[in-house]
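Asks: this one's sequence-less:
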Ligand code: NI
């Protein structure tokens, strides 16, 4: 397990369409371990594999202990969505800023977990937003391109 360097805006790999994972092998499990270490080190709530330079469709979301177990989803796909709401987002690949982005209020996401088992999430609010943000990463889309307004964060 290792904390990996998080690619920053401007790195072309962040604009790539990632490949589907066909087989959950040791390399994918190591990738997931590294993504976990990297997310916690970076104090984020979500991370997509391309952010550490691996162009595979793997997403990790962890909204914190009170919100339950971390979610690892491979080959995630939004199959249904409803509503629309604007809220703030940030990204570990674009530190020092946040932006207001419209996202669906509710999404249904299907994929497989780290054991290769099919999973379905019916998510709303922040979790729905996190799924949208991370799945966008897998298609090379950064939230800044969807933001209504961007704000520079000032350090206290
Ligand atoms: Ni991000």
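Replies: Yep, it's here. All of these numbers come straight from a predicted model, not from anything done at the bench.
Asks: make it CA atoms for all contacts and neighbour counts henceforth
Replies: OK.
Asks: can you point me to the longest helix in the chain?
Replies: Determined from DSSP state H, the single longest helix within the chain is helix 26-42.
Asks: counting contacts, what elements does it pack onto?
Replies: Counting contacts by 3 or more Cα pairs under 8 Å, 6 or more residues apart in numbering; DSSP states H and E, helix 26-42 packs against strand 46-48, strand 58-61.
Asks: run the last query once more with 10 Å
Replies: strand 46-48, strand 58-61, strand 71-82 (3 or more Cα pairs under 10 Å, 6 or more residues apart in numbering; DSSP states H and E).
Asks: so where's the chain uncertain?
Replies: Residue ranges of the chain with pLDDT under 70: 156.
Asks: tell me the centre residue of it?
Replies: In the chain, the residue lying closest to the centroid (Cα atoms, centre = their mean) is residue 134, at 2.5 Å.
Asks: mind checking how far that one is from residue 115?
Replies: From residue 134 across to residue 115, the span is 20 Å (Cα to Cα, to the nearest Å).
Asks: quick one on the thing from earlier: in the longest helix of the chain, what counts as buried?
Replies: Residues of helix 26-42 classed as buried: 28, 31, 32, 34, 35, 36, 38, 39 (neighbour count, 16 or more other Cα atoms under 10 Å).
Asks: who's in contact with the fourth one?
Replies: Counting by Cα atoms under 10 Å, 6 or more residues apart in numbering, residue 34 touches 1, 2, 3, 4, 28, 49, 52.
Asks: quick one: contacts for the residue nearest to the last one when sequence neighbours are not counted?
Replies: Nearest non-adjacent residue to residue 52, counting by Cα to Cα, 6 or more residues apart in numbering: residue 6, 5.0 Å away. Residue 6 is in contact with 35, 38-39, 42, 47, 49-53, 92-94, counting by Cα under 10 Å, 6+ apart.
Asks: cheers, nothing more for now.
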